[in-house]
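Asks: Sequence first, then the predicted structure, then my questions.
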Amino acid sequence: MDEDSDNECPICFSDIKPENKVKLKCGHCFNYDCILVTYQNEIRKSNRYYKGKKRNCPYCRGDGGYLPLRPGMLPIQYIHKEYAEFAKTENVSQFLILNKCKAILKTGKNKGQQCKCDIHECGLCKRHQPKVI
């Protein structure tokens, strides 16, 4: 790939913003969200149909390596190298952003990531506080 194509994600064909850019072990660049979904799909396929590699670069099919762990995101097995440490301790607090809601989202686009809302007294935002009847 030449330098001009490093600014365009080969998965979604949009421009890659510097804060969202991830360079794989093979040297190809992608939007973090695009390559994360691609890796997750590879894991699902490999668990169901074949026992292949789990972190292939979608561009060259070479080893893409582990993805860097973003702040406020829990490590995912086969995708983040920090997962082994997380699985031993299951200590979620070491991966959370301070002064933000401590809830981990369970559904939607940001599933498995920390809620980014400001916290109140109990450490949770209004949406994630338990309802008092």
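Replies: Now that the structure is in, tell me what you want to look at.
Asks: hey, let's count contacts and neighbours off CA atoms from now on
Replies: Fine.
Asks: Now do the most centrally placed residue in the chain against residue 23, distance only.
Replies: Relative to the mean C-alpha position of the chain, the nearest C-alpha, by C-alpha atoms, centre = their mean, is the one of residue 36, at 5.5 Å. Here the criterion is C-alpha to C-alpha, to the nearest Å. By it, residue 36 lies 12 Å from residue 23.
Asks: Over to residue 32?
Replies: Counting by C-alpha to C-alpha, the separation of residue 32 from residue 23 is 9 Å.
Asks: Settle it for me: which of those two has more neighbours?
Replies: Remark: of residue 32 and residue 23, residue 32 carries more neighbours, 20 against 17, as counted by other C-alpha atoms under 10 Å.
Asks: The more buried one contacts residue 22, doesn't it?
Replies: Yes: using C-alpha atoms under 8 Å, residue 32 and residue 22 qualify as a contacting pair, with a distance of 5.6 Å.
Asks: Scan this protein for its longest helix.
Replies: Secondary structure assigned by DSSP state H gives helix 32-48 as the longest helix of the chain.
Asks: Now tell me what touches that helix from outside.
Replies: Contacts of helix 32-48 with the rest of the structure, by C-alpha atoms under 8 Å, 6 or more residues apart in numbering, involve 11-12, 20-22, 52-56, 58, 67, 78-79.
Asks: try stretch 59-69
Replies: Taking contacts as C-alpha under 8 Å, 6+ apart, the residues outside stretch 59-69 that touch it are 10, 22, 24-26, 28, 36, 55-57, 75, 78-82.
Asks: Where does residue 94 sit: helix, strand or coil?
Replies: Assigned by DSSP: H, G, I helix; E, B strand; the rest coil, the conformation of residue 94 is helix.
Asks: Next one: it, what pLDDT does it get?
Replies: In this prediction, residue 94 carries a pLDDT score of 81.
Asks: and it, how many neighbours?
Replies: Residues within reach of residue 94, counting by other C-alpha under 10 Å, total 12.
Asks: Having no further points to raise, I will conclude here.
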